[in-house]
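Chemist: quick one, structure for this:
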Amino acid sequence: MARFCCFGAGCSELTGHASATSGKGKGCQGQVKVSYGFSLVRGKTNHPMEDFHVAELAEVKGNELGLFAIYDGHLGDTVPAYLQENLFSNILNEEEFWTHPDRAITKAYEKTDQAILSHTPDLGQGGSTAVTAILINGSKLWVANVGDSRAVLLKGGEAIQMSIDHDPNAERGAIENKGGFVSNMPGGSSIFTFFY
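Modeler: Below you'll find the predicted structure:
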């Protein structure tokens, strides 16, 4: 299940640049300045890069949105690529997004997870973490995550973690109560699966 939070912000116009592996941007309205950035780093192993991101601005129903995400793929890049293509549209298409963003984001994460599980033959056996941030009209910031990808807010030179890492071993009981399992893989990584 997605964990989320909402914070007040103060910028309604953002501009930025993003490459395949890193990006940054700045924007301001009045006296408040907002900057964003991300970095994707390939690990030491010989595996190809399996991480995807979103860093874009969109106008939806007369509202300016900053859409930001990191998807950390595991055992392939098909699931994070699917998330990059679909998760934000699923969130924004939820009827309650403008009135109850917390419920809409949770529903969209769950529906997207169900869609991934139903497309396993096409997407393979891999998986992904997800952390999303949506800045609405420069005044509200909604952050949600599944897994251990993080959203961090820098305020006054202090880094504030805005997401909560999920640890399959620490959450084993809840996972198993929902019909999932935790399996320790070589190298210490864990896999957890929810069945709906």
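Chemist: can you pull up the bridge partners for Leu57?
Modeler: Gly66 (DSSP bridges).
Chemist: that one reaches Gly66, doesn't it?
Modeler: Yes: the criterion here is C-beta atoms under 8 Å, and Leu57 meets it with Gly66 at 5.8 Å. (C-beta placed from N, C-alpha, C; glycine too.)
Chemist: how close does Tyr109 sit to Glu64?
Modeler: Look at Tyr109 and Glu64: by C-beta to C-beta, to the nearest Å, they are 23 Å apart.
Chemist: tell me what the residue most central in space within the chain is bridged to.
Modeler: Closest to where the C-alpha atoms of the chain average out (C-alpha atoms, centre = their mean) is Val131, at 2.0 Å. For Val131, the beta-bridge partners under DSSP bridges are Ile70, Asn145.
Chemist: before we move on, what about Ile136?
Modeler: Leu65, Lys140.
Chemist: that one against Lys61, yeah?
Modeler: No: Ile136 lies out of contact with Lys61 (C-beta under 8 Å); the separation is 10.7 Å.
Chemist: neighbour count winner among those two?
Modeler: For Ile136 versus Lys61, neighbours defined as other C-beta atoms under 10 Å are more numerous around Ile136 (19 against 8).
Chemist: list the contacts for that one?
Modeler: By C-beta atoms under 8 Å, 6 or more residues apart in numbering, the contact set of Ile136 is 63-65, 101, 142.
Chemist: buried subset of those residues?
Modeler: Among the contacts of Ile136, those classed as buried by 16 or more other C-beta atoms under 10 Å are 64-65, 101, 142.
Chemist: nearest residue to Val60 in space, ignoring adjacent ones along the chain?
Modeler: Excluding the flanking residues, the one nearest Val60 by C-beta to C-beta, 6 or more residues apart in numbering is Leu92, at 5.9 Å.
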